[in-house]
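>>> sequence and predicted structure are below.
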Amino acid sequence: MVINKEHVQEILEEVKDPEIPVVSIYDLGILRDVKVENGFVEVVITPTYTGCPAMLEIERDINNALKKEGINDFKITTVLSPAWSTDFMTERGKANLKEYGIAPPNPTNEEDIECPNCGSQNTKLLSQFGSTACKSLFKCNDCLEPFDYFKCH
């Protein structure tokens with residue numbers, strides 16, 4: 001089997017974030033690089049937050065995905081610099097968040113957060129702390145539904 005960067009990236013695009021199962025580590029921007037040299041693979045990842053509890057599960061899922069495809073000669077490297085940013089997310093990832101019911105990051109104006117349920121911008125911050133460290137809790141004043149907002153950083 002010939003192992004190349006593109007093949008490994010395709011495999012890893014199927015690895016989902018365990019806290020948000022509709023977004024791959026590629027679309028979330030956690031997957032920073034794939035290096036292949038003489039059949040050896042290095043997967044470089046960055047946590048969304050230092051100390052993110054999902055990183056151990058993500059590493060395990062990467063390990064399992066590569067081994068399932070017959071790739072056994074690899075290492076997973078976690079880098080903290082440059083720090084992860086919502087700028088690393090793909091547009092597909094942001095669309096998947098919205099479809100799942102999580103408002104995607106809005107770096108232009110964090111005051112006008114659109115409700116992922118009804119599309120209204122008549123929303124209110126309830127708490128800076130949502131279901132995970134990377135999200136805030138909002139409520140829509142029109143449909144009255146609470147929702148998570150993926151914080152910009």
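The structure has been received and is ready for your questions. Keep in mind it's a predicted model, so treat the numbers as computed, not measured. Numbers count the residues shown, from 1 in each chain.

>>> identify each buried residue in stretch 76-86, please.
76, 84, 86 (16 or more other CB atoms under 10 Å). The way it works is simple: take the backbone N, C-alpha and C, and place the C-beta from them, glycine included.

>>> what do you get for stretch 89-98?
89, 93-94, 96-98.

>>> what does stretch 35-47 give?
36, 41, 43, 45-47.

>>> burial measure for the closest residue to Leu97 other than its chain neighbours, as a count.
Distance criterion CB to CB, 6 or more residues apart in numbering; nearest residue to Leu97, sequence neighbours excluded, is Pro104 at 4.6 Å. Pro104 has 22 neighbours, counted by other CB atoms under 10 Å.

>>> isn't Pro104 up against Arg92?
No. In this structure, Pro104 is not within contact of Arg92 by CB atoms under 8 Å, at 10.9 Å.

>>> enumerate every residue touching Pro47.
30, 54-55, 78, 80, 84 (CB atoms under 8 Å, 6 or more residues apart in numbering).

>>> hang on, I meant Ile30
For Ile30, the contact set (CB under 8 Å, 6+ apart) comprises 17, 45-48, 58, 84, 88.

>>> ok, Pro146 - contacts?
Counted by CB under 8 Å, 6+ apart, Pro146 has contacts 126, 137-140.

>>> buried subset of these, written for ChimeraX?
Typed into ChimeraX, the line below selects the buried ones among the contacts of Pro146, using 16+ other CB under 10 Å:
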select :137,138,140
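
>>> all set, thanks.
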